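**Student:** generate a structure from the sequence data that follows.
(one chain, ligands or ions: 1)
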Amino acid sequence: MSSSFDFVIIGGGTAGLALAVRLAEDPTQSVCVLEVGKDFANNEDIKVPGNYMTNFGKEWDGGLLSIPQKDLANKVIYNPRGKGLGGSSLLNWIQLIRAPAMEYDAFESDLRAKGWNAHEFLRYFKKSQSLSRSEAGAESKHGLTPDPTLFGDGPILNTFPRFTPAINEFYYEACAALNIPFNPTGGNGNNSGVWPALAAIHPDTGERVSSASAYLEPNRHKRNLTIITEARATRVIFDESVKPVVAKGVVYELQSDGKGPESRLNTVHAKKEVILCAGAIHTPQLLELSGLHRDLPQSCVLTIQQEWEIIFRFVGLGTFHLRLAHVRQEHYSTLSLFETDPRIESYDIMFNPSSDPALMAKHKQEYADKKSGIFSTVPLSFSYFPLKTFASPEKIDKIKQMVASASTTTTSIKSASSLALLQKWMEDEDAYQLELVMVPHYVPFLPNGEFDAAKRYCFISAILPHTFSRGSIHTNPSDPTGHPILDLGAFENDIDREVMVEAIRFVQKLAAQPSMRDRAGIRALAPSPDVKTDEEINEYINLASFTSYHPIGTAAMLAREEFGVVDPELLVYGTANLRVADASIIPVHISAHPQATVYAIAEKAADIIKAAWKGK
Ligand SMILES: Cc1cc2nc3c(=O)[nH]c(=O)nc-3n(C[C@H](O)[C@H](O)[C@H](O)COP(=O)(O)OP(=O)(O)OC[C@H]3O[C@@H](n4cnc5c(N)ncnc54)[C@H](O)[C@@H]3O)c2cc1C
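**Tutor:** Here you go, the predicted model:
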């Protein structure tokens, strides 16, 4: 096998495979993908959408624990991460949601990322996604009528849900009573109201659509596309004699050749570019590993670890700064658990299949025969709200005052333009400040919520779309290529606390609506109904908060003086040909789950790279 390619991509995940396939469209260009995980092309567990809760901890989950979260009573939070061809698109919940146009426009207008605006995103949503055949121009049986002009002919298929949980009817009625109407558009930028999302599911096979099945499978045969699995990239190597430095290749370690550690180390050379697509957790780790000179003493690594800016040292070049830390963002979520009327059909059977083998067999048969039923879908309902919908006037005043007085010295947000944007959105009457996701089953790890197979449950996840807290990711000095040290920075800024307290109160109000209380037989388990004061809710937030598995911003596309890592061409500052194309570059968190945006980023990255090398 050749060890020299035009393009070397690190990470065969959501973005990595989409990018690789687009670059390999030109048969004269050779592309190599290094993926640390395996090829799971024939794995049935991954393919079945309804298995989404059982994917955690499997071989294709390279998840890691955070460090204790000091502002969340030292809670340690698990962060699942896809590992294998397809990356996180192998184990995500396959929902396809886009952020409002004004949020993408702000990348360009407020954060100076030239060429990154709603118009461009729409272009690349169309290139990456299509409305699956049966859905185009149709109305789902749940009343979804997405605008077909928002879709193109991309390989990621949007399919209507094939199963409606019984609780949805009662939940939507409760939402309507609080001025949250059903949203028939399916949340493709207009994310107000409540709706069941379109998901990446193949309408014929009923199987999960991942970057591996949609992008890679039809192109696997291409001779100019080389995929190396079980290959952990450990470092990008540079020609340091020129400025900006030139990425020459990647050192990687084969995970399972059965020989000694020495024989496992390989180098793959890049004739044109190296592109980092290792995801928002591992891309910054690789940047650190590549920037630290290999002879740097361990003590120095430790010192750097403790600083909030990372110092890249290249031999002969002096010091080269990339500031990675304190830019990591998440969608923090706090969960509320409810018991429902036991006659309401739910997904709880998934937690204890042996409690009713006949029912489980019926569900399996329905999926096998008709590709419908509980195995056919991930049954989530979404809604996004501005502050005025869920917070009290007094709290709105308090939150707005806190936001107005925030500065780059009093918060961990060191990018002045990012902070100004968050301040602008908080003043905007219509900007989303809360997302609710309703899920028709039990969720573990909550106080007062022990699972009982005879009962039925649902939970509501309150998610903050735009947080003021920031975390960090750094290489672990005692295991540099192992899991990095992950600090989620959960609720380190009190503004996020204040918003979440109001969010939990709103969830309580929603659950108390007559349709939920009387018809769905809802009974609050966690928090218990007597959790009422700010103090009590805050205590509950400490126990019941997680992330939504949406890390972004760890190699942010911001101006260099604003602590950005890549420019709008996705080039890492100070390098001639090292780019990042994955969730890491998203500069500020959006009112959407990220995968649709990540696919669009990969598609745009491919066009940027093709244009850069045209005629060369
Ligand atoms: C459980 C879960 C549920 C989710 N649900 C949704 C949802 O319903 N909707 C939505 O929009 N978003 C969802 N997300 C988020 C979404 O899936 C991610 O934001 C998106 O897939 C990230 O894509 P990426 O290309 O940045 O990274 P990934 O897809 O994670 O790809 C990174 C790849 O790089 C590989 N890699 C890492 N380090 C190395 C190395 N050193 N060498 C070689 N390879 C390496 C990894 O193995 C992986 O394959 C979910 C995420 C999770 C974890």
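**Student:** could I get the contacting residues of whichever residue of the stretch 1-150 of the chain sits closest to the ligand?
**Tutor:** Across the stretch 1-150 of the chain, no residue is closer to the ligand than G13, which sits at 1.8 Å (CB to the nearest ligand atom). All C-beta atoms are positioned from the backbone trio N, CA, C, and that covers glycine. Contacts for G13 (CB atoms under 8 Å, 6 or more residues apart in numbering) come out as 35, 82, 86-89, 211, 277-279, 582.
**Student:** try 10 Å
**Tutor:** Counting by CB atoms under 10 Å, 6 or more residues apart in numbering, G13 makes contact with 19, 33, 35-37, 81-90, 210-212, 277-279, 282, 582-583, 598, 602.
**Student:** mind checking pLDDT for the nearest residue to N92 once chain neighbours are set aside?
**Tutor:** Leaving aside its sequence neighbours, N92 sits nearest to Q595 (CB to CB, 6 or more residues apart in numbering; 6.0 Å). pLDDT recorded at Q595 is 98.
**Student:** repeat for R294
**Tutor:** The model reports R294 with a pLDDT of 39.
**Student:** quick one: the residue of the stretch 301-450 of the chain found nearest the ligand and S372, what's the gap?
**Tutor:** The nearest approach of the stretch 301-450 of the chain to the ligand comes at V378, 6.8 Å away (CB to the nearest ligand atom). Using CB to CB, to the nearest Å, V378 is found at 14 Å from S372.
**Student:** tell me the contacts of S545?
**Tutor:** S545 makes contacts with 69, 72-73, 75, 77, 332-335, 462, 488, 490-491, 496, 500, as judged by CB under 10 Å, 6+ apart.
**Student:** wait, V33 sits on L19?
**Tutor:** Yes. V33 lies in contact with L19 (CB atoms under 10 Å); the separation is 8.9 Å.
**Student:** these two: which has the busier surroundings?
**Tutor:** It is L19, of V33 and L19, that has more neighbours when counted by other CB atoms under 10 Å, with 32 against 29.
**Student:** secondary structure element for that one?
**Tutor:** Element membership of L19 [criterion: DSSP states H and E] is helix 14-23.
**Student:** so where's the protein uncertain?
**Tutor:** Along the chain, segments meeting pLDDT under 70 span 1-2, 136, 257-263, 291-327.
**Student:** centre-most residue in it?
**Tutor:** H550 (3.1 Å; CA atoms, centre = their mean).
**Student:** what's near enough to touch R123?
**Tutor:** Counting by CB under 10 Å, 6+ apart, R123 touches 152, 600, 603-604, 607.
**Student:** which of those ranks first by neighbour count?
**Tutor:** Going by other CB under 10 Å, A600 tops these with 26 neighbours.
**Student:** only C-alpha atoms, please: export the lengthiest strand in the chain in CSV.
**Tutor:** In the chain, taking DSSP state E as the definition, the longest strand is strand 265-276. Extracted C-alpha coordinates of strand 265-276, given in CSV (Å, rounded to 0.1, in the frame of the first residue of the first chain):
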residue,chain,number,x,y,z
LEU,A,265,4.0,2.9,14.4
ASN,A,266,3.5,4.1,10.9
THR,A,267,3.6,7.3,9.0
VAL,A,268,1.4,8.3,6.1
HIS,A,269,2.5,11.3,4.0
ALA,A,270,0.4,14.1,2.7
LYS,A,271,1.3,15.6,-0.6
LYS,A,272,-1.3,18.4,-0.3
GLU,A,273,-3.1,18.5,3.0
VAL,A,274,-3.9,17.0,6.4
ILE,A,275,-7.4,17.5,7.5
LEU,A,276,-8.5,16.9,11.1
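**Student:** and that strand with helix 14-23, angle?
**Tutor:** Taking axes from the mean of the first three to the mean of the last three CA atoms, to 10 degrees, strand 265-276 and helix 14-23 form an angle of 90 degrees between their directions.
**Student:** buried set for strand 265-276?
**Tutor:** Buried positions in strand 265-276, judged by neighbour count with 16 or more other CB atoms under 10 Å: 266, 268, 270, 272-276.
**Student:** tell me which element the nearest residue to S515 once chain neighbours are set aside is part of?
**Tutor:** Nearest residue to S515, sequence neighbours excluded (CB to CB, 6+ apart): E173, at 3.8 Å. Here E173, judged by DSSP H and E, is contained in helix 167-177.
**Student:** what does the stretch 101-250 of the chain put close to the ligand?
**Tutor:** Selection of the stretch 101-250 of the chain residues close to the ligand by CB under 6 Å from any ligand atom yields 232-233.
**Student:** please report how far I460 lies from F390.
**Tutor:** On the measure of CB to CB, I460 and F390 end up 12 Å apart.
**Student:** residue contacts, T547?
**Tutor:** By CB under 10 Å, 6+ apart, the residues touching T547 are 66, 77-80, 330-333, 463, 471, 488, 490.
**Student:** how near is it to L419?
**Tutor:** Between T547 and L419 the distance is 22 Å, computed by CB to CB.
**Student:** same check on S128?
**Tutor:** Using CB to CB, S128 is found at 31 Å from L419.
**Student:** more neighbours, the two?
**Tutor:** Taking other CB under 10 Å, S128 and L419 do not tie; S128 has more neighbours (29 against 20).
**Student:** let me see the contact set for that one.
**Tutor:** Here S128 is in contact with 18, 22, 96, 151-156, 211, 214-215, 595-604 (CB under 10 Å, 6+ apart).
**Student:** where do the strands of the stretch 251-400 of the chain begin and end?
**Tutor:** Counting by DSSP state E, counting those that start in this stretch, one finds strands in the stretch 251-400 of the chain at the ranges 265-276, 310-314, 318-322, 332-340, 381-386.
**Student:** again with the stretch 401-550 of the chain
**Tutor:** Using DSSP E, counting those that start in this stretch, strands in the stretch 401-550 of the chain cover 432-439, 456-463, 472-474, 485-487, 523-526, 545-547.
**Student:** distance to the ligand for these - can I get that in a markdown table?
**Tutor:** Output for the strands of the stretch 401-550 of the chain, formatted as a markdown table (distance: least, CB to the nearest ligand atom, whole Å):
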| stretch | distance to the ligand |
| --- | --- |
| strand 432-439 | 9 |
| strand 456-463 | 12 |
| strand 472-474 | 12 |
| strand 485-487 | 13 |
| strand 523-526 | 21 |
| strand 545-547 | 9 |
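**Student:** so can I have JSON lines of these showing distance to V245?
**Tutor:** What follows is the strands of the stretch 401-550 of the chain, written out as JSON lines (distance: least, CB to CB, whole Å):
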{"stretch": "strand 432-439", "distance to V245": "41"}
{"stretch": "strand 456-463", "distance to V245": "39"}
{"stretch": "strand 472-474", "distance to V245": "22"}
{"stretch": "strand 485-487", "distance to V245": "26"}
{"stretch": "strand 523-526", "distance to V245": "52"}
{"stretch": "strand 545-547", "distance to V245": "34"}
